[in-house]
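K.L.:
Quick one, fold the following:
(2 chains)
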Amino acid sequence: MSDRLRRCGCVLVPLLGVAACGHVPMGYLHTFGPAADPVTSLGWGFIAVCTLVILIIASLLLAATLRARAPQGALANVPIAQPGGGLRWIYIGTGVSTVALLGLVVWTMFTLAAIAQPPGPPAFTIEIRAHQWWWEARYIDDEPERTFVTANELHIPLGKPVQLRLIGDDVIHSFWIPALAGKTDVIPGQTNIAWIEGNTLGTYRGQCTEYCGAQHAHMTESVTVDSAADFKLWWSHQISAASSPAADSMRQGESVFLAHCAACHTVRGTGAGGIVGPDLTHIMSRHTLGAGTLPNDSEHLSAWITNAQAVKPGCRMPTLDLPRPDLDAVTAYVQTLH
Amino acid sequence: MSATEENRTTRIVREGEVTIDRHLEAIWKTRPGLRGVLSSVDHKRIGIRYIVTAFVFLIAGGVEALIMRLQLAHSDLKILSPEAYNQLFTMHGFTMIFLYAGPVLSGFSNYLWPLLLGSRDMAFPRLNALSYWIFLLAGIFLYASFPLGVSPDAGWFNYPPLSGKDYNPGPNIDFYLLGLIFLGISTTVGAANFLVSLLRTRAPGMSINRLPILVWGTLTASVGNLLAVPAVTLACVLLFADRQFGTHFFDVEAHGQPLLWQHLFWMFGHPWVYAIVLPALGIVSDALPTFCRRPLVGYTPVALATVSTMIVGFGVWLHHMFATGMPVLSLAFFSAASLVITIPSAVSTFAWIATIWTGKPVLTTPFLFLSSFIILFVIGGVSGVMTGAVPLDFQLTDTYFVVAHLHYVLIGINVFPVMGGIYYWFPKMTGRMMSERLGRWNFWTMFLGFNIGFFPMHIVGLMGMPRRIYTYAPGLGWDTINLITTLGSFAFAVGILLFLINLTVSLRRGIPAGANPWDGPTLEWSVPSPVPAYNFAVIPVVASRHPLWEERLESPERSSLSRGYLLNHGRETLATTVLDAEPDLILEMPGDSYGPLALALGLGVLFVGLILHSGPWAVIGILATALAILFWLWPQRRLGQIAEPHHV
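P.N.:
Below is the predicted model:
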């Protein structure tokens, strides 16, 4: 059904087809999980019906305007048509619209029911805390020592529903991975529950969608759908602590880190235990810095540590006036945190 | 307004029978010069002022939008700082929704109501002036934040905690809150005035089933406003108290509820959306038939659709909050209610199409604006249906799809009918026609610019672009569409510029219009253009919905336009009964007065005192307000507010 509709939609609205078939990272007309797929079919259905409605009305309007138009000139020269007649338009038009609408309402309700709950019990729960302007994610395991914290870039296993507990912290944000599920707001003072599941391997981008202040534009997140084996490896790696650096130069970097960064950031296995900013124990396993603001490579990492305010004005990361050697040392150290 | 106690039988005269024009002119004329400007209570002047002021705000909001569009024309542009962008988009939304879309329709209704209803003024002329002055001052108050660099920056719906003291310590949000409370006074007194005017100041025979649809629209909007504005005023007062007096209504730490704001705001916000479109739909329903050379198809269904839209509109506010984590049952109910609103909209749409189909349309500029509105209405309507479907809205909400939807609603359903309305009634207001040639250029530039600019927003929304972001990364597929949108929005702005040129040129050199240049059917076209200060020399007696077309419509009813009640013992108009509009009383109307301006200024000082946290200024404001009320309400003998001693 969805395939047929998709083809139909592509024919009707070529531009929309581009939006769907071109695989834009944030598009949701082509989705990859059971929390989103029924909505996608519904979306194509609505797009088809709505496009049809617009085309019909536009044709009627054009025909109505052109079929009996009076010549230009003084209006008083055109005789007044008698009232009456035309009511049939309202009866038929409203009747057809109502029937179409009722059909859409029923479809909408079935879709709502289909995505309200995951098909089976969730494999595990991720607690997500939204901060200005990044995401904190705590993977919950029955064994407390297997619970860990990461940021911005989530991983989930293929084909397993995962529950999200969305906990508000400062202002209202909204969690959204278009290819996997619709939005759920993250509101201080309440915990919202959502779920996601991926049925195709890959990394799916998302972005905060409730306006949350100066850097609302730079608050992205992603979910990577891993195979069961990869996911297991990833989890095991994430719960490990950082290994102490061997080289002297790295140890200097570590001490700079402890002096300047540890008040806000945690690196498990060291003295750094700050909770204001993201946990950096495995920062190098992530692809971006500043919640999707910059790619995570040595050049950008150095720029970010020197002057985060230049790339993400208003963010909570202060400008550290580090001397060059310290900066290089700490950058090198952070790059060991795989 | 007050009724005389004496029993007086009014004279019934035929226009021209006695020289009444000059006499009435002397009674009703606003004084010349600055004194007249500051004290006039003439509904026509106030209406035009409303429209002009609202257009000034439209231009301000438009310039803000163009600056934002430059920033968004390509990924990672750095024309604006995030803070500047956030202030701009907040001010753009506030300006367009509160300072343009609502007031411009108040302007039309203020100008037109007494003319449509066959009366000499609104029920409360001084209240009318007050409503305008407060609107103006609230707008200036809000815009004073701009040069200070502290404009509101939490979006036009201003959600706490982002708008709370912790995250927004500056005066930015206080400008928003106080500005909205201030403006709410204007909306409220305006709505009350419309209601009473409708109930009491119609011409004899202007029964409830003969009201023009614009009157139905504004009536519905006014009832809606009276019920809805208190919710947002309350929300603003509570948040102001949180910010300034340390209360905890929205403070999570103290078990306050941020969502309380959203409920209060949208309980107001959604009916308000209908308040700023229903009168515009009324403009279409009234003006379109003139150009189709036939009465509107389905008057009764369209009037009922207007009212039922607003009634259902009070039960759908939750659809702005679908993603906040509601129980599924609430979602289902509010989703269904939102979709039901489509039905009255379908009634109106097919009524308009049938009117064109069964008529003989004359393709003038106003017709182009009014008929093209229908397709914009449908596009904005069906995208609204999509966002009303909960599961789909989980994806669509807070993306550019919603931005596209709301602009099709606000520009398509408000700006286009307003443009058509101005082309239609400009001759009535000024006595001159607007240029048809420039008008066509104006229309096509606006229509194409609008669709090129705003239709692609649907697509970039479907491609996942969130609203309210000051920049975006490359590689997301959004660049080209954003560039097209920016180009289209500038083309649209050129269209507005052409309109302003047409306005300026036509004001001086337009062809003289005469009383009824479009051969329109309703009462306003029975009086000279521009309309004399007293509107109607004699109060007409109405017998049908189309008093000026009766003979040609082969209907037996005959309205009496030139023979009617002469009320010339001072400023007087006729009060009629509520449903059937039978003559009831003679109303003594107040003359020009400085009271409204003084009261508005007093309130203005109070609000300035509040934003400055200045006790003395606030107290001065309160005293000035009290004095102005005293001055205003001081009993006047002429209005029958002082009991005459009975001569025994």
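
K.L.:
Up against chain B, what does the stretch 201-338 of chain A have?
P.N.:
Selection of the stretch 201-338 of chain A residues close to chain B by C-beta under 8 Å from any C-beta of the partner chain yields A:205, A:207-217, A:292, A:313-314. In short, each C-beta sits where N, CA and C put it, glycine included.

K.L.:
mind redoing it with 7 Å?
P.N.:
Neighbours of chain B within the stretch 201-338 of chain A, by C-beta under 7 Å from any C-beta of the partner chain: A:207, A:209-217, A:313-314.

K.L.:
Which members of those are classed as buried?
P.N.:
A:207, A:209-217 (16 or more other C-beta atoms under 10 Å in any protein chain shown).

K.L.:
Where does pLDDT dip in chain B?
P.N.:
Along chain B, segments meeting pLDDT under 70 span B:1-18, B:645-648.

K.L.:
follow-up on the earlier one: can you lay out the residues of the stretch 201-338 of chain A next to chain B as TSV showing secondary structure, pLDDT and distance to B:Tyr565?
P.N.:
Putting these into TSV (DSSP: H, G, I helix; E, B strand; the rest coil; pLDDT from 0 to 100; distance: C-beta to C-beta, whole Å) gives the following:
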residue	secondary structure	pLDDT	distance to B:Tyr565
A:Gln207	strand	96	66
A:Thr209	coil	97	61
A:Glu210	coil	97	59
A:Tyr211	coil	98	57
A:Cys212	coil	97	62
A:Gly213	coil	96	62
A:Ala214	coil	96	64
A:Gln215	coil	97	67
A:His216	helix	97	62
A:Ala217	helix	97	64
A:Pro313	coil	94	69
A:Gly314	coil	94	67
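
K.L.:
ok, of those residues, which one's closest to A:Lys183?
P.N.:
Ranking these by separation from A:Lys183, with C-beta to C-beta as the measure, puts A:Thr209 on top at 5.4 Å.

K.L.:
That closest one contacts B:Asp398, doesn't it?
P.N.:
Yes - using C-beta atoms under 7 Å, A:Thr209 and B:Asp398 qualify as a contacting pair, with a distance of 4.1 Å.

K.L.:
Buried residues of the helix or strand where B:Asp242 lies, list them for me.
P.N.:
Per DSSP states H and E: B:Asp242 is located in helix B:213-245. In terms of neighbour count (16+ other C-beta under 10 Å), helix B:213-245 has its buried residues at B:213-226, B:228-229, B:231-236, B:238-240, B:242-243.

K.L.:
Check which element follows it along the chain.
P.N.:
The C-terminal neighbour of helix B:213-245 among helices and strands, as given by DSSP H and E, is helix B:258-275.

K.L.:
Name the residue of the stretch 151-300 of chain A that lies nearest to chain B.
P.N.:
Distances between the stretch 151-300 of chain A and chain B by C-beta to the nearest C-beta are smallest at A:Gly182, namely 2.4 Å.

K.L.:
sorry, back to before: could you dump the residues of the stretch 201-338 of chain A next to chain B into TSV and include distance to B:Val273?
P.N.:
TSV is the format used below for those (distance: C-beta to C-beta, whole Å):
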residue	distance to B:Val273
A:Gln207	27
A:Thr209	21
A:Glu210	20
A:Tyr211	19
A:Cys212	24
A:Gly213	26
A:Ala214	28
A:Gln215	30
A:His216	24
A:Ala217	27
A:Pro313	34
A:Gly314	32
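
K.L.:
hmm, back to that, name the residues contacting each of A:Thr209 and B:Asp398.
P.N.:
Contact criterion C-beta atoms under 7 Å, 6 or more residues apart in numbering or on different chains; residues shared by A:Thr209 and B:Asp398: A:174, A:183, B:466.

K.L.:
Just the buried subset of these, please.
P.N.:
Using 16+ other C-beta under 10 Å as the burial test, those include A:174, A:183, B:466 as buried.

K.L.:
Can you list which of those are found in strands?
P.N.:
Within these, membership in strands is found for A:174, A:183, as judged by DSSP state E.

K.L.:
Show me which of the buried ones among the shared contacts of A:Thr209 and B:Asp398 is closest to A:Gly103.
P.N.:
Among those, A:Lys183 lies closest to A:Gly103 (C-beta to C-beta), at 25.7 Å.

K.L.:
list the contacts for that closest one?
P.N.:
Shown in contact with A:Lys183 (C-beta under 7 Å, 6+ apart): A:174-176, A:209, B:323, B:394, B:397-398.

K.L.:
Tell me which helix or strand B:Ser106 sits in.
P.N.:
If you go by DSSP H and E, B:Ser106 is part of helix B:102-117.

K.L.:
Chain A: strands as residue ranges?
P.N.:
Across chain A, reading from the start of the chain, the strands by DSSP E fall at A:125-131, A:134-140, A:148-151, A:153-157, A:162-168, A:173-177, A:181-186, A:191-196, A:202-207, A:220-226, A:288-289, A:294-295.
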